[in-house]
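Asker: sequence and computational prediction follow.
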Amino acid sequence: MLRILDARTGEPVAAAPARRGLTRIEARAGGLDLTSLRVLLTADVLARALELTGAQSWTTAPRQPAELRAAANALAVRPFEEAHGPGAGAAQVVRVVAGEDGENGDDGEDAEAGGGGPVIAVAPVAWTGPGSGEHSPAASSLLADPTALRLALLSVPYGRSATLDEGTMTQAAERLAGWRRDVARWARQPSRPVPEAVRARLAEAWDEDLDVPGVLRVLEAVAADPGVADGARFETFAYADRLLALELTRDLGILA
């Protein structure tokens, strides 16, 4: 069962209703900056994680600026609908909002958001590279390599403040390029199923309050484990990419 930390109470709660039903995920983001992008990214990952568990979700983002929508699209965030209120058939509403570490993230619009559903408080992102005092230009320029930015943001728990700089972005791009090369090489070997123990570790990570850094650690371990066949490594990375959306299989067919 996928559980998230409800910022209102500090207690873990189920992200999907006990009875089969729709979970509406409402992302509340402001203008184009890295923190707003992280809010939308967290909502996107939650929707993908629910999908992997077989649950239904509907992502919405009221009053989303056009430039933020475009940036989120570049970051491989699935489109959000402009909707208000709980929505027809929604058994639960989860709000994803910007909030400082440990704060409850409640912005006082409970009535419009659908009442007292769980709240995910996403910690802020700081850019300390060139143009660090100008949030929008920093966010826009980092989208030159959007998948590396997605990986950099996913590498830090959503509830912990993240600091990005040129070194962080270079490290993320290099990690991503290395994984893509490995996945392309592994794909040349006979396919093998994802080992059940690995599948369980992946699910345990994302089920525990969207621990995406934990998912990344599982992939690192699989890549380094000589006991895992290359075909199983390929299938593991392809399976995990349904959550990560890092285009890990993009370089298939390209000779190393």
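Answerer: Now that the structure is in, tell me what you want to look at. Numbers count the residues shown, from 1 in each chain.
Asker: by mean pLDDT, point me to the weakest helix or strand of the chain.
Answerer: helix 110-113 (a mean of 41; mean pLDDT, DSSP states H and E).
Asker: let me know the next secondary structure element after that one.
Answerer: The helix or strand immediately downstream of helix 110-113 is strand 119-122, counting by DSSP states H and E.
Asker: what average pLDDT does that next one get?
Answerer: Mean pLDDT, strand 119-122: 97.
Asker: each with direction, which strands does it pair with?
Answerer: Here strand 119-122 is paired, per DSSP bridges, with strand 90-98 (parallel).
Asker: where does the stretch 51-200 of the chain have low pLDDT?
Answerer: 83-90, 100-116, 131-141 (pLDDT under 70).
Asker: can you show me the strands along it?
Answerer: Assigned by DSSP state E, counting those that start in this stretch, the stretch 51-200 of the chain shows strands spanning 56-60, 90-98, 119-122, 125-127, 162-164.
Asker: which of those sits closest to Phe80?
Answerer: strand 56-60 (4.9 Å; C-beta to C-beta). (C-beta placed from N, C-alpha, C; glycine too.)
Asker: which strands and helices lie in contact with that closest one?
Answerer: Contacts defined by 3 or more C-beta pairs under 8 Å, 6 or more residues apart in numbering; DSSP states H and E place strand 56-60 against strand 22-28, helix 34-52.
Asker: wasn't Val13 part of a strand?
Answerer: Yes. Per DSSP: H, G, I helix; E, B strand; the rest coil, Val13 lies within a strand segment.
Asker: show me the contacts for it.
Answerer: Residues counted as contacts of Val13 (C-beta atoms under 8 Å, 6 or more residues apart in numbering) are Arg3, Ile4, Leu5, Asp6, Pro118.
Asker: hmm, 10 Å instead?
Answerer: Residues near Val13 by C-beta atoms under 10 Å, 6 or more residues apart in numbering: Arg3, Ile4, Leu5, Asp6, Gln92, Val94, Gly117, Pro118, Val119.
Asker: can I get the residues you listed in TSV with distance to Ala49?
Answerer: Shown next, in TSV, are these (distance: C-beta to C-beta, whole Å):
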residue	distance to Ala49
Arg3	11
Ile4	9
Leu5	14
Asp6	16
Gln92	15
Val94	12
Gly117	17
Pro118	14
Val119	17
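Asker: what's Ala187 sitting at in phi/psi?
Answerer: phi -70, psi -20 (degrees, to the nearest 10).
Asker: same deal with Thr128?
Answerer: phi -110, psi 10.
Asker: against Leu34, how distant is it?
Answerer: To Leu34, Thr128 is 11 Å away according to C-beta to C-beta, to the nearest Å.
Asker: would you mark the buried spots in whichever helix in the chain runs longest?
Answerer: If you go by DSSP state H, the chain has its longest helix at helix 166-186. For helix 166-186, burial by neighbour count (16 or more other C-beta atoms under 10 Å) applies to 168-169, 172-173, 175-176, 179-180, 182-186.
Asker: quick check: bridge partners of the closest residue to Asp209 other than its chain neighbours?
Answerer: Nearest-residue entry for Asp209: Leu5, 5.0 Å, with adjacent residues in sequence omitted and distances by C-beta to C-beta, 6 or more residues apart in numbering. Beta bridges link Leu5 to Pro12 when assigned by DSSP bridges.
Asker: and the pLDDT at Leu5?
Answerer: Note on Leu5: pLDDT of 96.
Asker: quick one: residues contacting it.
Answerer: Neighbouring residues of Leu5 by C-beta under 10 Å, 6+ apart: Glu11, Pro12, Val13, Pro118, Val119, Ile120, Ala121, Tyr158, Gly159, Glu208, Asp209, Leu210.
Asker: now stretch 197-214: buried residues?
Answerer: Within stretch 197-214, the residues that count as buried by 16+ other C-beta under 10 Å are 198-199, 201-203, 205-207, 209-212, 214.
Asker: which of these fall within helices?
Answerer: Going by DSSP H, the helices hold Val198, Arg199, Arg201, Leu202, Ala203, Ala205, Trp206, Asp207, Val212, Gly214 from the buried residues of stretch 197-214.
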